[in-house]
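Visitor: sequence first, then the predicted structure:
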Amino acid sequence: MTIGELARASGFRVETIRYYEREGLLPRAHRWRDNNYRDFDKEALARLHFVRRAKAAGFTLREIRELLDLSLTPGEACGEVEALLSRKLAELDRRMAEMHRMRENLAALLASCRAGEAEGACPVLRAMRQ
């Protein structure tokens with residue numbers, strides 16, 4: 001299938017598919033001699049579906065490349081996948097805790113703003129200057 005057909009079938013833009021090919025997420029497509037068009041097979045579409053699901057789970061392109069490499073390993077290297085998932089969950093927990101602290105900070109600033117003086121400098125801006 002052409003890159004346009006692959007884009008329609010996968011829901012990715014042509015430019016994204018070219019990028020993924022350059023980055024090694026897709027193997028280099030066969031090119032026709034007469035017109036130099038890329039000719040992708042069904043495996044390319046399956047890989048793009050894999051990429052989409054992995055991105056939805058929060059994996060980076062580097063991590064997705066690693067998962068794709070592991071998927072080619074006999075037995076699919078479950079231990080390595082488990083380790084990657086554990087690291088990803090720990091990172092997500094850390095980011096969620098950080099976001100929770102940021103939310104508490106913003107809520108306190110909002111409360112300060114709402115309780116602030118009607119005249120003069122905004123108490124939030126004043127507090128951030130200190």
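Guide: Noted; the coordinates are in hand.

Visitor: can you show me the strands along this protein?
Guide: For the chain, strands defined by DSSP state E occupy the ranges 30-31, 38-39.

Visitor: hey, least reliable of the ones you listed by pLDDT?
Guide: Ranked by mean pLDDT, the strands of the chain end with strand 30-31 in last place, scoring a mean of 82.

Visitor: partner strands of that strand, parallel or antiparallel?
Guide: Sheet partners assigned to strand 30-31 using DSSP bridges are listed as strand 38-39 (antiparallel).

Visitor: who's in contact with the strand it pairs with?
Guide: With Cβ atoms under 8 Å, 6 or more residues apart in numbering as the test, strand 38-39 has contacts from 1-3, 21, 29-32. (Each C-beta comes from the backbone N, C-alpha and C, glycine too.)

Visitor: what two of those residues have the greatest distance between them?
Guide: Spatially, the most separated pair among the contacts of strand 38-39 is 21 and 32, at 15.7 Å (Cβ to Cβ).

Visitor: okay, these two: which has more neighbours?
Guide: Counting neighbours by other Cβ atoms under 10 Å for residue 21 and for residue 32 shows that residue 21 has the greater number, 17 against 11.
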